[in-house]
Every structure is written in structure tokens, then in C-alpha cells.
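Q: Requesting a structural model of the entry that follows:
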Amino acid sequence: MTGYAFSSSSSKTFALKTRLRAEAREARRVAQAALPDAAKDLREVFCAAFPPATVEGPVALYVPVGDEIDPRPLAESLASVGHRLCLPVVVARDQPLVFRAWTPGDVLQPGSLTIPEPRSDAEVLTPRWLLVPLVAFDRRGGRLGQGGGFYDRSLRCLRSEGSVTAVGLAYAAQEIPAVPLTPDDERLNAVVTERGLIG
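A: Now for the predicted structure:
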């Protein structure tokens, strides 16, 4: 833990993020209930913005938890044209995620945070596209996650090793004017919602 974590500015940012998360989670809950076709719409928007033939390298997605927008229809479309897919695996709370190979329909097992993940013997891949869940986002690439920092650490690591495109997947209702960022926060390259591309 660095001194930065105890600064007055950091404390204010933490409090602001906590409030924004609560508001954005409620907006996400309402959006999920009101938009039963959002996952399919998201797939159409993504494939129009990033034609699958132009997407190179393994693609990391996620298993939706609670009312996160569901990327599985998109995963099926990507897999149908031959893309290698992977899902995140939590190794330790202060470490980057590991990404293990996955194909739609594969049996998953409970992970350390109870989130389903591939079997421990599934191949480890290095994603070149990282499609991530979020609680809130802004139009400058700011992402507000759950607060564990897993995707920020992972993005920082992947970007240090080469090119990676990070795309947030969300309901349009999760947009906020500005995400309060700290030096540890990584920006997204774009966000895709059921309504369109941002970024």
C-alpha cells in the first residue's frame, strides 16, 4: 500500500467512486429489466463497428454477473468465424488476471470469487482484444469497475507487452459525465452499448 492511498485526495475519490457505483448499478439494473434484447443489439453494434474479420488475435470476454450486459451472443458470433476466445481467471487479489481458452458451451467451474471460469488445465492465452464489464463509463475512456483493480492491472500488463484493444461492454444507461480516475486506472479504447459505439 503506497502513501498515495492514504491521501486526502484519494479518500475523496474513493468516496465519489462509491457513490457513483451505487447510482450506476441501479441504472444498470433498470436497463437490464427494460431491455431484454440488449445482448443481441450489443452484438450487432459491435460487429458493425469492429467487423469480425478485422479482429486479430485471441479475444477475452467475461461471464456476466448479476445484471452486467451479456456478451455471450457476441461470443457465439466471434467463435462461429474462427476466433479464439478466452475468459479471465483470478489468481490472487493483487495480481493481473490470467486468461484461459474457452469456447461457448464449455463447462465452467467456480473460481476463487465464485465467478465461473475455465478449467485449470485450459490453455493460457494472451488476448489482443479485451472486452470488459463495467459499472459506469464516460466518453473519454474512463471506466468504473467493481473496485478490485483486476482489469486495470491486467490492462497495464498487457499494454506493456504489446498492442491490445480494450472495449467496455455496457448498457447506454451506465454512461456518466466523468469517471474520477486515479494514476492506477487504465482507460478503455472504446465502449460498445446496445445503442452504439463510443470512442
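Q: Excluding covalently adjacent residues, which one is nearest to Tyr171?
A: Among residues not flanking Tyr171 along the chain, Ala31 sits closest, at 3.8 Å (CB to CB, 6 or more residues apart in numbering). Every residue, glycine included, has its C-beta placed from N, CA and C.
Q: Could you measure from that neighbour over to Glu175?
A: Counting by CB to CB, to the nearest Å, the gap from Ala31 to Glu175 is 11 Å.
Q: mind listing the strands for this structure?
A: Along the chain, counting by DSSP state E, strands occupy 59-60, 85-89, 98-102, 109-110, 116-117, 124-125, 129-132, 136-137, 143-144, 165-169, 190-192, 197-198.
Q: export the ones you listed to TSV and tack on mean neighbour count and mean pLDDT?
A: Output for the strands of the chain, formatted as TSV (neighbours: other CB atoms under 10 Å; pLDDT from 0 to 100):
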stretch	mean neighbour count	mean pLDDT
strand 59-60	26	98
strand 85-89	24	98
strand 98-102	21	98
strand 109-110	10	94
strand 116-117	19	96
strand 124-125	15	98
strand 129-132	24	98
strand 136-137	26	98
strand 143-144	23	98
strand 165-169	23	98
strand 190-192	23	98
strand 197-198	17	98
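Q: Same list (the ones you listed) but as JSON lines, adding distance to Arg156.
A: Output for the strands of the chain, formatted as JSON lines (distance: least, CB to CB, whole Å):
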{"stretch": "strand 59-60", "distance to Arg156": "15"}
{"stretch": "strand 85-89", "distance to Arg156": "15"}
{"stretch": "strand 98-102", "distance to Arg156": "15"}
{"stretch": "strand 109-110", "distance to Arg156": "27"}
{"stretch": "strand 116-117", "distance to Arg156": "21"}
{"stretch": "strand 124-125", "distance to Arg156": "18"}
{"stretch": "strand 129-132", "distance to Arg156": "12"}
{"stretch": "strand 136-137", "distance to Arg156": "18"}
{"stretch": "strand 143-144", "distance to Arg156": "13"}
{"stretch": "strand 165-169", "distance to Arg156": "11"}
{"stretch": "strand 190-192", "distance to Arg156": "18"}
{"stretch": "strand 197-198", "distance to Arg156": "22"}
